[in-house]
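> Next input, structure requested:
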Amino acid sequence: MKSLMIQGAKIIATGSAIPSSSFSNHDMSKLVSTSDEWIFSRTGIRERRLLKGVDKSIVDLGVVASKKALDKISMHPSKIDLIILATSTPHDLFGSASKLQSEIGAYNAVAFDLTAACSGFVLSLVTASQFLQTGAYSNILVVGADVLSKWVDWSDRSTCILFGDAAGAAILQSCSLINNAILNFQLKTDGNYSKYLSIAYKQNTSAHPQLNIYQGSFKKIYMNGKEVYKFAVFQIPLSILKCLNSINMSVQEIDWLVLHQANERILIAIAQKLSISTNKVISNLRKYGNTSAASIPLALDEAVQDNKISSNDIVVISGFGAGLTWGTIVVRW
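Below you'll find the model as predicted:
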C-alpha cells in the first residue's frame, strides 16, 4: 500500500475513436419524417457516427481511443495503475472496464465502470484526480465511451436524430503540487428530475410461476428535451461561476469552454449567459451528434490535435445529463 500524501494531477495525453459509418440527416429523413434543415436548425447536428457490425461494442472504440492516448506519450500500458470507464452502454451489465483493461494490455491496472451518462467523463476525471492527489496511484486512464445507437428508438424522431457513437480517452498523472493542473471542480445531482432522461427498466407483467419473481428488460432512451434544455441552460452557468469564484478566477480568464455536446442551442445559450464569445466554445456536435460520455473527451482530443488548446490555457470542462447530474472542472492545460 502506497503512503498517502497530497499531490497534484494533470492531463498528459488524450485520444479518441469514432466508427467508420456515417449517418447524415439526409439518411435520417429516409427513416423518420424529418429533414436536414429541420434537424440542423434545432440541434446543430449534420451527421453522426454509428457502430455497426456483429458483437461490436464500446470496448472496440475504447481500445482505439486508449491506444492513441498511450501512443502520444509513448507510455506502455503496464504503466497504467487504474482505468475508469465512463459509460451507460456497457457490453456486459456487470461492467466492461475489465475487458478494456485486457484488450490494451494494462495488466497492472485496477479497472471499473462509472455510470453517469452524459456527465460520466467529468465525474470520472474528478474521481481520477482524487486518487492521484492522495498518492494512491500515479497514472490513470479515463475513458468515456457510449454506443447509444443500441438503445435508441429509431422510430422516435425526438431522440433518434440526436445521438451518435464514439469514445474518448485521457491519461492523468500525478505531479508536484506546484504543477497541479486540476484547479477546481464542482459536482451536483438532483434525482427529482431523473425522469427527464432515462433508459428505464420495464418489468414483465407475469411473475415466475414458482418463485414469484418479476423479471424484465430495459426500455429505449426517453428524454424530455424541453426540460433538459431548461435545466442545462440554468444550472451549468451557475456551476461554472461557482467553480471559478471559489478559486478567485474570472470568466474573462477562460481560454476554452468544453461543454457536453448535447445541442448547439444549449452551447450558445450557456456562452451567452456567461458573456463568453462563442469563439471560445469547442464544438464538434455538427459531425458527431450527442455521444454521451464520449462527447467531452472527443471534443477535447480534437481541439488538442488542431492546436487550439495550448500550454497554460485555462480550460473549463462542464458536463450535464441523466441523473440529473452535472459538474464542472477547471483545468490549466
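
> ok, residues contacting the one helix or strand Lys202 maps to?
Lys202 is part of strand 201-203, with elements assigned from DSSP states H and E. Identification of contacts with strand 201-203 by CB atoms under 8 Å, 6 or more residues apart in numbering yields Tyr214, Gln215, Gly216, Ser217, Phe218, Lys219. Using the backbone N, CA and C atoms, a C-beta is placed for each residue, glycine as well.

> one more time with 6 Å
Strand 201-203 has contacts (CB atoms under 6 Å, 6 or more residues apart in numbering) with Tyr214, Gly216, Ser217, Phe218, Lys219.

> Any idea how many residues pack against the fourth one?
By the measure other CB atoms under 10 Å, the count of residues near Phe218 is 12.

> That one and Ala200 touch, don't they?
No. Applying CB atoms under 6 Å as the test, Phe218 and Ala200 come out as separate, 7.1 Å apart.

> how does the protein divide up, domain by domain?
If you go by automatic domain parsing, the domain ranges for the chain are 8-178, 182-332.

> which of these is buried the deepest?
The highest average neighbour count among these, using mean count of other CB atoms under 10 Å, belongs to domain 8-178 at a mean of 20.

> Report the contact partners of the closest residue to Val110 other than its chain neighbours.
Leaving aside its sequence neighbours, Val110 sits nearest to Leu82 (CB to CB, 6 or more residues apart in numbering; 5.1 Å). The contact partners of Leu82, taken as CB under 6 Å, 6+ apart, are Ala109, Val110, Tyr137, Ile140.

> what's the answer for Phe23, then?
Applying CB under 6 Å, 6+ apart, the residues near Phe23 are Arg48, Leu50.

> what helix or strand is it on?
Going by DSSP H and E, Phe23 is in strand 21-24.

> Same check on Tyr137?
Counting by DSSP H and E, there is no helix or strand that carries Tyr137.

> show me what contacts the residue nearest to it when sequence neighbours are not counted?
Leaving out its chain neighbours, the residue that sits closest to Tyr137 by CB to CB, 6+ apart is Asp81, at 3.8 Å. Shown in contact with Asp81 (CB under 6 Å, 6+ apart): Ala109, Tyr137, Ser138, Asn139.

> Tell me, what's the model's pLDDT at Asp81?
What the model reports for Asp81 is a pLDDT of 98.

> and the gap between it and Ala97?
Distance, Asp81 to Ala97, by CB to CB, to the nearest Å: 13 Å.

> likewise Thr43?
Counting by CB to CB, the separation of Thr43 from Ala97 is 31 Å.

> For Ser206, what is the enclosing helix or strand?
Secondary structure here is read from DSSP H and E; on that basis Ser206 sits in neither a helix nor a strand.

> returning to that earlier point: which one among the contacts of strand 201-203 gets closest to Thr291?
Closest approach between the contacts of strand 201-203 and Thr291, by CB to CB: Phe218, at 19.6 Å.

> which phi and psi does the closest residue to Ile268 other than its chain neighbours have?
Spatial nearest neighbour of Ile268, excluding adjacent residues (CB to CB, 6+ apart): Thr278 at 6.1 Å. Backbone torsions of Thr278, given as degrees, to the nearest 10, read phi -60, psi -20.

> didn't Thr278 look like it was pressed against Ile270?
No. Checked against CB under 6 Å, the pair Thr278 and Ile270 is beyond contact range at 10.0 Å.

> Where does the residue of the chain positioned farthest from its centre sit: helix, strand or coil?
Taking CA atoms, centre = their mean as the measure, the residue most remote from the mean C-alpha position of the chain is Gln210, 42.9 Å away. The three-state label given to Gln210 by DSSP: H, G, I helix; E, B strand; the rest coil is coil.

> separation between it and Ser217?
Going from Gln210 to Ser217 by CB to CB gives 21 Å.

> quick one: contacts of the longest helix seen in the chain?
Using DSSP state H to define each element, the chain has its longest helix at helix 225-245. Residues from elsewhere that reach helix 225-245 (CB under 6 Å, 6+ apart): 184, 186, 196-197, 266, 269-270, 273-274, 316, 318, 320, 324, 326, 328, 330.
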